[in-house]
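>>> Below are the sequence and a predicted model for it; my questions follow.
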Amino acid sequence: MMRTLALLFLSVLGALRPAVAADTLRPEQLSPGMKGYGLSVFKGTKPERFDVEIIGVLRNALPKQDMILIRMSGADLEKHKVIAGMSGSPVYIDGKLIGALAYGWTFENDPLAGVTPIHNMMAELKLPIVAPSTINASVSLRRTSSMPAPFALPNAAFAQTPDDFGSPHPLLTPLSLGGFSSRVLERFASKFTGFGMMPIAAGGGGAGALPRRSGDMEPGGAIGVQLIRGDMNATAIGTATYIEKNRILAFGHPFFQGGSVQAPAVLAEVHTIMSSLERSFKMASPVAEIGSMVGDWQSCIVADAKVQAQMIPVSIDAANRDTGQSEHYDVEVMNNQVFTPQLVLMAIAQAVSGASGSSQDTTVRISVGADLAPVKSGGSSRTIAVTNTFFSAAGGILNIEGIMPLLAMFSTPFGSPTVKHIDVKVDAALTRQTADIKRAYFDKSEVQRGETVSLRIVLKPFGQPEVTKTIPIKVPAATDMLRYLVVTVVAGDSAPPDAAPPDSLDDFLDFIEKGHGNTDLVALSPTRSQGMQYHGKLLKKLPPSAIGTLDDSSTGDVAAAADISQLVEPTDWVLSGQATVRVPIRQE
């Protein structure tokens, strides 16, 4: 009887112990010379074995994380060395899982790799699934030639410099791209390599939806994460390490360390291994949807077969008014403040390139509209619409960074709105519609207080005679201290929006819409009156009594602001240059 009870007690203990505990080994249980195998897909969808030998353990190689050093052989790895796309390949010793192949060196002579311990990866299973959230991030409000903050610098964890060849770094993640021209890929490649990705033209899943086959994934299988899908595709390729019920652990290193983030997870088919002295890589494309990535952490990414990623649908209509060619594109992009604007930008660039279809001078008018969910609980939904015109001498591959203000809504100091749909219109013309601002002048040599005078601006359109535009200027009446009327004329992209710095997300969206276009001629004239900023609103031409009342406010919501008169004259050209004119004011 006692023996029966003892056996029953032991069986209960065994049932309570995690099933994986007896099937894994920790780094401290390993020693040099131990041999085993790994699993990865080298062609098709079925994992194949390769041999491994333990070299040692690098203690605390990463924060609170060891790295197991292995030598590989078989599966042609002596020729290929470590292959980009093998990230996550499970490694077994004595039939027990020790971790995921994840790190490597550049130009190594031997197929050596670093393995992320499986217990670090399994710890990520305890983290809850969080729906896509907004994360505050600063972004430049001015239009400059540089990109906003999320694209200013690559992620330091992945950036590779010539002096890091002696250090292990996450294996490059092949980014299989489809539906993009080679010119667009070349233009945008650096935006992805900074995050440890290796852009390659390997095709995608096509415009139709992929079939859903969540049960097809197995340890060692090729797994992908889709950043964009539809008429254009971008799928990051790695390997599945471990599967527990509906959860999948993969990669063995961060993708871009996005934390709680969603993007479709797919089963991938490996077409071939492209061998290279610098870094061999898997050429693969997605074949079936298996769920969604739900986490991107230091030790791995986590996918869940029961979750469907929340994507942002984007529709693009592109037309060339000279050739009559028109195209429609439907894509979905991942909902992420770093990658969403970059992916939309890339899709627009491809549409522009397709609409141009040549290396001729191209002028492009781009309109971006977005349907947004209510910013506040109980509020109403809203739309945001921005239009601008650009010129490129490279046949449609325009100064793409100039479009970034159109997409600034994805990353604001006040969080990001929930975007339900994006609609883009591209109108291309194979002409150079540009003009330089040559000079500005008044018809009078002296002006009077309170009168309206004509400001003449001379423009020189490309290949055409000079054109004169007229803007009526009101001379301020209160000019006791003002002896000259000074007006500066600039192109719209050099003029600040006629608005106060935003005080909320709604203000920020309004701020974007109030930006001047590249075809706008803007006349700026400082005045002696003082303006005020109040709750994101710019108050101008206030009487002294109102300024005194607001200035005495103890709320801290009021700030002084320069009162600069802005007058805008639309033109048919993308403008450049500036001119300043000064005329005396008659003193009485």
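In hand now; what should we look at?
>>> Distance from the chain centre to stretch 50-70, please.
33 Å (CA atoms, centre = their mean, to the nearest Å).
>>> Can you point out the buried residues in it?
Buried residues in stretch 50-70, counted by 16 or more other CB atoms under 10 Å: 50, 52, 54-55, 57-58, 61-62, 65-70. Every C-beta, even on glycine, is put in place using the N, C-alpha and C of the backbone.
>>> Next, the contact list for Thr241, please.
88-90, 97, 99-100, 118, 121, 219, 249-252, 300 (CB atoms under 8 Å, 6 or more residues apart in numbering).
>>> circling back: what's the closest of the buried residues of stretch 50-70 to Ser181?
Distance to Ser181 across these (CB to CB) is lowest for Phe50, with 36.1 Å.
>>> What strand or helix carries that closest one?
Counting by DSSP states H and E, the element that carries Phe50 is strand 48-62.
>>> which other helices and strands contact that strand?
strand 35-40, strand 65-73, strand 90-93, strand 112-117 (3 or more CB pairs under 8 Å, 6 or more residues apart in numbering; DSSP states H and E).
>>> how many degrees apart are the first one and strand 112-117 in direction?
Between strand 35-40 and strand 112-117, the angle formed by their directions is 90 degrees, by axes from the mean of the first three to the mean of the last three CA atoms, to 10 degrees.
>>> Give the buried residues for strand 35-40.
Those would be 36-40, for strand 35-40 by 16+ other CB under 10 Å.
>>> Give me the mean pLDDT for the helix or strand containing Ala318.
According to DSSP H and E, Ala318 maps onto strand 311-320. Strand 311-320 shows a mean pLDDT of 95 in the predicted model.
>>> just stretch 492-503 next, same as before
Rounded mean pLDDT across stretch 492-503 is 81.
>>> could we number from 130 for the rest of this?
That works, and once the first residue is 130, the last one we named lands at stretch 621-632.
>>> wait, isn't Ala363 in contact with Leu356?
Yes. Applying CB atoms under 8 Å, one finds Ala363 in contact with Leu356, separated by 4.4 Å.
>>> Now list whatever residues contact both of those two.
Overlap of the contact sets of Ala363 and Leu356 (by CB under 8 Å, 6+ apart) consists of 304, 472.
>>> so what's Ala338 scoring on pLDDT?
According to the prediction, Ala338 has pLDDT 76.
>>> now it, nearest residue through space, not along the chain?
Excluding the flanking residues, the one nearest Ala338 by CB to CB, 6 or more residues apart in numbering is Glu418, at 7.7 Å.
>>> Quick check: what element follows the helix or strand harbouring that neighbour along the chain?
Using DSSP H and E, Glu418 maps to strand 409-425. Counting by DSSP H and E, the element after strand 409-425 in chain order, helix or strand, is strand 430-433.
>>> tell me what that next one is packed against?
Contacts defined by 3+ CB pairs under 8 Å, 6+ apart place strand 430-433 against strand 351-359, strand 376-379, strand 409-425.
>>> Dig out what the closest residue in space to Arg358 that isn't next to it in sequence forms beta bridges with.
Excluding the flanking residues, the one nearest Arg358 by CB to CB, 6+ apart is Glu461, at 5.4 Å. Using DSSP bridges, the bridge partners assigned to Glu461 are Arg358, Pro442.
>>> Can you get me a residue count around Tyr543?
If you look again at residue 543, you'll see it is Phe, not Tyr. For Phe543, the neighbour count with other CB atoms under 10 Å is 17.
>>> Might one say that it is in contact with Leu634?
Yes. Counting by CB under 8 Å, Leu634 is a contact partner of Phe543 at 4.0 Å.
>>> For the residue positioned nearest the centre of the chain, give me phi and psi.
Geometric centre of the chain, nearest residue: Phe468, 2.4 Å, by CA atoms, centre = their mean. Backbone torsions of Phe468, given as degrees, to the nearest 10, read phi -90, psi -30.
>>> what does the one 4 residues further on give?
According to degrees, to the nearest 10, the main-chain angles of Leu472 amount to phi -70, psi -40.
>>> what about it, distance to Thr322?
15 Å (CB to CB, to the nearest Å).
>>> Neighbour count: these two, which is higher?
Comparing Leu472 with Thr322 by other CB under 10 Å, the one with more neighbours is Leu472, at 24 against 17.
>>> excluding its backbone neighbours, what's nearest that one?
Val462 (4.3 Å).
>>> check contacts around Asp425.
With CB under 8 Å, 6+ apart, Asp425 has these contacts: 383-388, 390, 431.
>>> swap the cut-off to 6 Å and go again
The contact partners of Asp425, by CB atoms under 6 Å, 6 or more residues apart in numbering, come to 383-384, 386-387, 390.
>>> Spatially nearest residue to it (excluding sequence neighbours)?
Counting by CB to CB, 6+ apart, the residue nearest Asp425 is Gly387, at 4.1 Å.
>>> Please apply the same query to Arg341.
Glu418 (5.0 Å).
>>> Relative to Arg342, how far out is the one you found?
From Glu418 to Arg342 the distance is 7 Å (CB to CB).
>>> Which one of these two is surrounded by more residues?
The residue with more neighbours, out of Glu418 and Arg342, is Glu418; 23 against 14, by other CB under 10 Å.
>>> what sits opposite the more buried one in the beta ladder?
Going by DSSP bridges, Glu418 is paired in beta bridges with Arg341, Val395.
>>> list the contacts for it?
339, 341, 393, 395.
>>> which residues touch the closest residue in space to Val170 that isn't next to it in sequence?
Residue nearest to Val170 in three dimensions, not counting chain neighbours: Ala351, with 4.3 Å by CB to CB, 6+ apart. Ala351 makes contacts with 170, 397, 399, 413, as judged by CB under 6 Å, 6+ apart.
>>> Could you dump the residues you listed into CSV with pLDDT added?
Listed next are the contacts of Ala351 as CSV, based on pLDDT from 0 to 100:
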residue, pLDDT
Val170, 98
Ala397, 96
Val399, 96
Ala413, 95
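>>> out of these, who's nearest Ile586?
Closest approach to Ile586 among these (CB to CB): Ala413, at 56.5 Å.
>>> what's the closest of the helices and strands packed on strand 430-433 to Asp500?
strand 351-359 (17.9 Å).
>>> by how many degrees do the closest one and strand 409-425 diverge?
Using the same axes, to 10 degrees, the inter-axis angle of strand 351-359 relative to strand 409-425 is 80 degrees.
>>> so how far is strand 351-359 off the chain centroid?
15 Å.
>>> Report the inter-axis angle for that strand versus strand 440-449.
50 degrees.
>>> Which strands or helices does the strand holding Ala447 pack on?
strand 455-463, helix 468-485, strand 548-558 (3 or more CB pairs under 6 Å, 6 or more residues apart in numbering; DSSP states H and E).
>>> Adding distance to Glu157 and mean pLDDT, write the ones you listed out as a markdown table.
What follows is those, written out as a markdown table (distance: least, CB to CB, whole Å; pLDDT from 0 to 100):
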| stretch | distance to Glu157 | mean pLDDT |
| --- | --- | --- |
| strand 455-463 | 38 | 95 |
| helix 468-485 | 38 | 88 |
| strand 548-558 | 48 | 93 |
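>>> Which of those sits closest to Pro605?
If we rank the helices and strands packed on strand 440-449 by CB to CB, the stretch that ends up nearest is strand 548-558, at 40.0 Å.
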